[in-house]
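1. here is my input, please return the structure:
(2 chains)
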Amino acid sequence: MSTPLQVTARLRDPVTTDDHIRGPADAAVTIVEYGDFQCQFCGAAYPNLHELLRQRADTVRLVYRYFPIANVHPYAERAAETAEAAGVRGRFWEMHDWLYEHQDQLDPVHLSLGVEQVGLPPDELNAEVENRAHADRVRRDFVGGIRSGVNGTPTLFVNGVRHDGGYDLPDLLTAADAAANA
Amino acid sequence: MSDPNGLIQPGRTAPGFTLPATPDGALIGPEQFRGRPVVLAFYPADWSPVCGDQMALYQSAAPVFAQYQATVLGLSVDSIWSHRAFAESRGIEFPLLADFEPKGEVARSYGAYTSNGEAARALVVLNPAGTVTWSYLSPPDVNPGADGIFDALDQLAADRKVMAG
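-> This next block holds a predicted model:
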């Protein structure tokens, strides 16, 4: 009988200024999330990550990367490209938050309303998404994730090491504090 | 416990087989894909209740597998009917093979069968000639992702370049 080989997956694409980053640049702990806007588990983790950033405002920063599992979530790719269209206008996190707070409203009609609520021109963003102007960026995140060992959504890397624990606030606090004190 | 000899190791010739596969029950096996890499993904069961489902993940990575011209085959002891419903529900377009009768025979021949009557969660990469070049046994409750597969496919591509040069 062979022993299962435990390999710890590691983040292969380092965080750069192209990334969407929330929190202090000099944070001791960087959490990279690979997420899918239509994934209910990502939706469940969203308020916990928010609270983690609030409680550890000086030590933790969050990086968000796109990982749409399009064959299971038909609206995920469009949502990701819309978030990127908001991102190039400096509104990534507003759009990100709207998407996770309205996961049952990701169809094109409601998504346009969301874009409007975030204060951006829906027609302009729609046209970019239709032209797949942001598809390469979303795909780059996805491929980097799959090469790093992302095995579902959400997958978090805490200071570069895949977090195989839970996404409840206590789990996240424990993981972040352990990384900060490592 | 899996096969007493354990999961098939690199260097061995992959045992030949065909099994009924999605979508239409046609018989499919690795020999049909000689000349390109084949990834055999053994998994315990259809319908694992998470978004992080391994087969759904591999479908979403189809464009990356295509870059390597690699064929992915999923295998479990589920019947073709279960596979078909599962594939439809998760949008899985690559073949899922039913190792159903005799149950688990192919999984056994690869050392990827467990005593609780399911395939192990095991990955086997075959080179274009049908020789095993990489294999990996994951704990049954851990989705191994695809990073190890792509590393193995990179290695294959690099070896072929050396051979050609």
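2. kindly list the longest helix within chain A.
-> helix A:40-55 (DSSP state H).
3. now for that helix, which elements pack on it?
-> In terms of contacts (3 or more CB pairs under 8 Å, 6 or more residues apart in numbering or on different chains; DSSP states H and E), helix A:40-55 is packed against strand A:29-35, strand A:60-66, helix A:92-101, helix A:169-180. C-beta coordinates here come from the backbone N, C-alpha and C atoms, glycine included.
4. state the mean pLDDT of that helix.
-> Model confidence over helix A:40-55 averages 97 on the pLDDT scale.
5. now that helix: buried residues?
-> By neighbour count with 16 or more other CB atoms under 10 Å in any protein chain shown, helix A:40-55 contains the buried residues A:41-43, A:45-46, A:48-49, A:52-53.
6. circling back: out of the helices and strands packed on helix A:40-55, nearest to chain B?
-> For these, proximity to chain B was assessed by CB to the nearest CB; strand A:29-35 is nearest, at 10.6 Å.
7. so what strands line up beside the closest one?
-> Sheet neighbours of strand A:29-35, with direction, are listed as strand A:60-66 (parallel), strand A:155-158 (antiparallel) (DSSP bridges).
8. any chance of those strands in JSON lines, with mean neighbour count, mean pLDDT and distance to B:Val39 too?
-> Shown next, in JSON lines, are the strands paired with strand A:29-35 (neighbours: other CB atoms under 10 Å in any protein chain shown; pLDDT from 0 to 100; distance: least, CB to CB, whole Å):
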{"stretch": "strand A:60-66", "mean neighbour count": "23", "mean pLDDT": "98", "distance to B:Val39": "24"}
{"stretch": "strand A:155-158", "mean neighbour count": "24", "mean pLDDT": "96", "distance to B:Val39": "21"}
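9. out of the ones you listed, which comes closest to A:Glu124?
-> When the strands paired with strand A:29-35 are compared by CB to CB, strand A:60-66 sits nearest A:Glu124, at 20.3 Å.
10. so what touches that closest one?
-> Residues from elsewhere that reach strand A:60-66, judged by CB atoms under 8 Å, 6 or more residues apart in numbering or on different chains: A:15, A:19-25, A:27-36, A:49, A:52-53, A:80, A:83-84, A:92, A:96, A:137-138, A:141-142, A:144-145, A:176, A:180.
11. among the residues you listed, name the buried ones.
-> A:19-23, A:27-36, A:49, A:52-53, A:80, A:83-84, A:92, A:96, A:137-138, A:141-142, A:144-145, A:176, A:180.
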